[in-house]
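**Student:** Model the following, please.
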Amino acid sequence: MGKNAYFQLVHKPKRTMLKVFPPSEGGEMFSVDEIQKYLDSLNITSYDLKALDMYLKKGEFAMEYPLLTSEILPESEKCSIEILEEGRRAVARFYPPSSDGKQMGKEEIMSDLRLAGVVYGIQKNEIDRFLEEREYCTDYVLAQAKLPRQGQDARIDYHFDINVTAKPKLNEDGSVDFHHLGNIKPVEKGEKLATLFPADHGEAGTTVTGQPLVPNKVKDLALRYGRNIHITEDKREIYSEVSGHVTLVDDLVMVSDVYEVPANVDVSTGDIEYNGTVQVNGNVLTGYMIQATGDIIVNGVVEGAILISGGNIVLKRGMQGMSKGSLTAAGNITAKFIENSEVRCDGTLMCDAVLHSDVESKNDISVLGKKGLINGGHIRSYTNIAATQTGSLMGTVTTLEIVSDVEVMKQYNEWQNRSQLAQKSIKTMNRVLTSIKSNLKNGRKLTETQTEYLKLSAILKPRMTYAIEQSEQLLPELEAKLATSGKGTIRIEGTVNPGTKIVIKEMSKMISDPISRCKFVLKGADIKSIGI
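**Tutor:** So this is what the prediction gives:
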């Protein structure tokens, strides 16, 4: 790389000349401003700046330029120091001594740095390089700051889908599926919800003047969360305390085991499948389904929809099933009315009116509201049925039935068969084992099959014995339940209209004339009506 051009003051009798050393190939030419700045530092002002500028532009440097018509004192080598980039660098440019001047030493350069305020990051190797090269009008970086280590913003990683845009799925046939929108974000108890990675504030640096060089500001964050959420001691992780669903609203993580639908269950929500309780503030429209492990509460009307609950179902208005809708609950069902629907209930059913529906409840069915009407359809209970009025004057066929507990019967038959099979297997096993023992007693060697049978018997016989013991314990309990199963009553507080069919266990009775305030019970092989 070529050397830069530079200039030198030359002492002559009664005058001062300016000698220019042009740049070598690749070097740079200094400007007239740099000469002016240098001369100003020496308090030399009585020269023709315009003529000097023309001399430099002409570029003919074989002849020295007459700067002053007077002599000046000799000037030593000079160092001009400039602090750049807000203290990140101290850059020096050196100027040669006048023809009768002296060169600088290392200590003089260090002194100039101190006078300029430079106290940190001094590059002594650069000073040595200048003293060796002595290139003028050339930048030497004599001090460098310690740059700050920049930090990083805090960030939060959410371990659930934070996308709240529900988009319908496109089926293979080109149709659009508005049922499975995926807008519920399920969460299990103990599941990690979010991790905070704290901000790294970095480390301050030091300017060449010894001042702190502050790193850029970073963004601090904290985990924001609502109820049902646990945060670790270091405040960096949050976990769900319940099974339910998780939402993120304005950086606030919320978990609830109650999923609230603000309006209707329709094309905007799709089908709902939820591990907890679902509350619908509007209606449930035809064709949609709600499945919940907890309760289902609907403030509006249920149309031809399917509701399946692992708890209770509460319909504050009612259900018009349109022969498409159904209710299934592991707990109780409560509704204002149920019409043209299929209902399966493991608990108790309470309703003001049941119309033209197929209903089965393992516990009591109570239709004793203001209307208390059961009209049309088939109503079955394993225990008791109570209503204010059944059927209609038009003779609408309405079946009220007390049925035996099918599940208890299934369990009874299963345990009885298991016991009989175990007893039979033990008898066969004992017979074979007796034969094997006899052979051993007579000194006969066991075959490989007999040896394997002995090993298998040692495992299976205790299991068979345990099955028999379990059966002996459970069968009496199941027999007691079967003895009372199907012996419930059907109680009517108002009128039983013609067309009402009463079925208790396997007996049935058709009502042909109106009957008021009575209950029906099974006595022997007949169904009797008793006044109340």
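
**Student:** Would you mind finding the longest strand in this structure?
**Tutor:** Identified as the longest strand of the chain according to DSSP state E is strand 349-361.

**Student:** now that strand: mean pLDDT?
**Tutor:** Computed over strand 349-361, the mean pLDDT rounds to 94.

**Student:** what sits up against it?
**Tutor:** 318, 321, 332-348, 363-367, 369-382, 403 (CB atoms under 8 Å, 6 or more residues apart in numbering). All C-beta atoms are positioned from the backbone trio N, CA, C, and that covers glycine.

**Student:** Just the buried residues out of those residues, in PyMOL syntax.
**Tutor:** Those of those that count as buried under 16 or more other CB atoms under 10 Å are selected in PyMOL with:
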select buried, resi 318+321+332+333+334+335+336+337+338+339+340+341+342+343+344+345+346+347+348+363+364+365+366+367+369+371+372+373+374+375+376+377+378+379+380+381+382+403
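
**Student:** Which of the contacts of strand 349-361 fall in strands?
**Tutor:** Those of the contacts of strand 349-361 lying in strands (DSSP E): 318, 333-339, 342-345, 365-367, 373-381.

**Student:** Listing partners with orientation, what would you give for the longest strand of the chain?
**Tutor:** In the sheet, strand 349-361 lines up against strand 333-339 (parallel), strand 342-345 (parallel), strand 365-367 (parallel), strand 373-381 (parallel) (DSSP bridges).

**Student:** Kindly state the beta-bridge partners for residue 254.
**Tutor:** Here residue 254, judged by DSSP bridges, has bridge partners residue 247.

**Student:** Now for it: which residues touch it?
**Tutor:** Contacts of residue 254 (CB under 8 Å, 6+ apart): 225-227, 229, 246-248.

**Student:** and the residue nearest to residue 68 when sequence neighbours are not counted, what are its bridge partners?
**Tutor:** With CB to CB, 6 or more residues apart in numbering as the criterion, residue 68 has its nearest non-adjacent residue at 4.1 Å, and that residue is residue 16. Counting by DSSP bridges, residue 16 forms beta bridges with residue 11, residue 68.

**Student:** Show me how far stretch 348-366 is from its chain's centre.
**Tutor:** 40 Å (CA atoms, centre = their mean, to the nearest Å).

**Student:** can you check stretch 101-119 too?
**Tutor:** 63 Å.

**Student:** What lies in contact with that stretch?
**Tutor:** With CB under 8 Å, 6+ apart, stretch 101-119 has contacts from 9, 74-79, 81, 83, 90, 92, 94, 97, 122, 127-128, 130-131, 134, 142-143, 208-210.

**Student:** Equivalent analysis for stretch 222-233, please.
**Tutor:** With CB under 8 Å, 6+ apart as the contact definition, stretch 222-233 has outside contacts at 156, 193-194, 196, 235-242, 244, 251-257.

**Student:** Please name the residues that touch residue 200.
**Tutor:** Counting by CB under 8 Å, 6+ apart, the residues that residue 200 touches are 151-152, 218.

**Student:** again, only using 6 Å
**Tutor:** Contact analysis of residue 200 by CB atoms under 6 Å, 6 or more residues apart in numbering lists 151-152.

**Student:** If it is in a bridge, with which residues?
**Tutor:** For residue 200, the beta-bridge partners under DSSP bridges are residue 152.

**Student:** Now do it against residue 222, distance only.
**Tutor:** Distance, residue 200 to residue 222, by CB to CB, to the nearest Å: 15 Å.

**Student:** Output the lowest mean pLDDT helix or strand found in this structure.
**Tutor:** strand 176-177 (a mean of 46; mean pLDDT, DSSP states H and E).

**Student:** now what about the helix or strand following it, what contacts it?
**Tutor:** The helix or strand immediately downstream of strand 176-177 is strand 186-187, counting by DSSP states H and E. With contact meaning CB under 6 Å, 6+ apart, strand 186-187 is reached by 240, 245-246, 275.

**Student:** quick one: the helices in the stretch 1-150 of the chain?
**Tutor:** Under the criterion DSSP state H, counting those that start in this stretch, the stretch 1-150 of the chain contains helices at 32-41, 49-58, 106-115, 124-133.

**Student:** For residue 517, see how far away residue 331 is.
**Tutor:** Looking at residue 331 against residue 517, where the rule is CB to CB, the gap reads 31 Å.

**Student:** helix/strand/coil for residue 414?
**Tutor:** helix (DSSP: H, G, I helix; E, B strand; the rest coil).

**Student:** neighbours of it, just the number please.
**Tutor:** Counted with other CB atoms under 10 Å, residues neighbouring residue 414 total 13.

**Student:** which residues touch the most centrally placed residue in the chain?
**Tutor:** The centroid of the chain falls nearest to residue 160 when counting by CA atoms, centre = their mean (1.7 Å). Residues near residue 160 by CB under 6 Å, 6+ apart: 185, 246.

**Student:** Confirm it sits in a strand?
**Tutor:** No - the assignment for residue 160 by three-state DSSP gives coil, which leaves it out of any strand.

**Student:** Separate out the buried members of the contacts of stretch 101-119.
**Tutor:** 9, 75, 77-79, 81, 83, 90, 92, 94, 97, 122, 127, 130, 142-143, 208-209.

**Student:** So which of these are in strands?
**Tutor:** Of these, the ones assigned to strands by DSSP E are 9, 78-79, 81, 83, 90, 92, 94, 142-143.

**Student:** Can you tell me, leaving aside adjacent residues, what's nearest to residue 433?
**Tutor:** Here the residue nearest residue 433, using CB to CB, 6+ apart, is residue 457, at 6.3 Å.

**Student:** Below-threshold pLDDT in the stretch 251-400 of the chain: ranges please.
**Tutor:** The stretch 251-400 of the chain contains no residues with pLDDT under 70.

**Student:** make it 80
**Tutor:** For the stretch 251-400 of the chain, the stretches with pLDDT under 80 are 369-370.

**Student:** buried ones in the helix or strand harbouring residue 455?
**Tutor:** Using DSSP H and E, residue 455 falls within helix 448-484. Residues of helix 448-484 classed as buried by neighbour count (16+ other CB under 10 Å): 450, 453, 457, 461, 464, 467-468, 471, 474-475, 478.

**Student:** which strands and helices sit next to that helix?
**Tutor:** helix 406-441 (3 or more CB pairs under 6 Å, 6 or more residues apart in numbering; DSSP states H and E).

**Student:** how much does the helix it packs on deviate in direction from helix 448-484?
**Tutor:** Orientation check (axes from the mean of the first three to the mean of the last three CA atoms, to 10 degrees): helix 406-441 against helix 448-484 gives 150 degrees.

**Student:** Confirm that residue 194 sits in a helix.
**Tutor:** No - assessed with three-state DSSP, residue 194 is strand; it does not lie in a helix.

**Student:** Just among the contacts of residue 254, which is most surrounded?
**Tutor:** residue 246 (24 neighbours).

**Student:** shouldn't residue 246 be in contact with residue 185?
**Tutor:** Yes - the pair residue 246 and residue 185 passes the contact test of CB atoms under 6 Å, sitting 5.0 Å apart.

**Student:** Now do the same for stretch 524-532: mean pLDDT, whole number.
**Tutor:** 80.

**Student:** I figured residue 196 hits residue 157, correct?
**Tutor:** No - applying CB under 6 Å, one finds residue 196 not in contact with residue 157, separated by 8.2 Å.

**Student:** Where does pLDDT dip in the stretch 51-200 of the chain?
**Tutor:** In the stretch 51-200 of the chain, residues with pLDDT under 80: 163-185.

**Student:** can you do 90?
**Tutor:** In the predicted model, the stretch 51-200 of the chain carries pLDDT under 90 at residues 71, 161-188.
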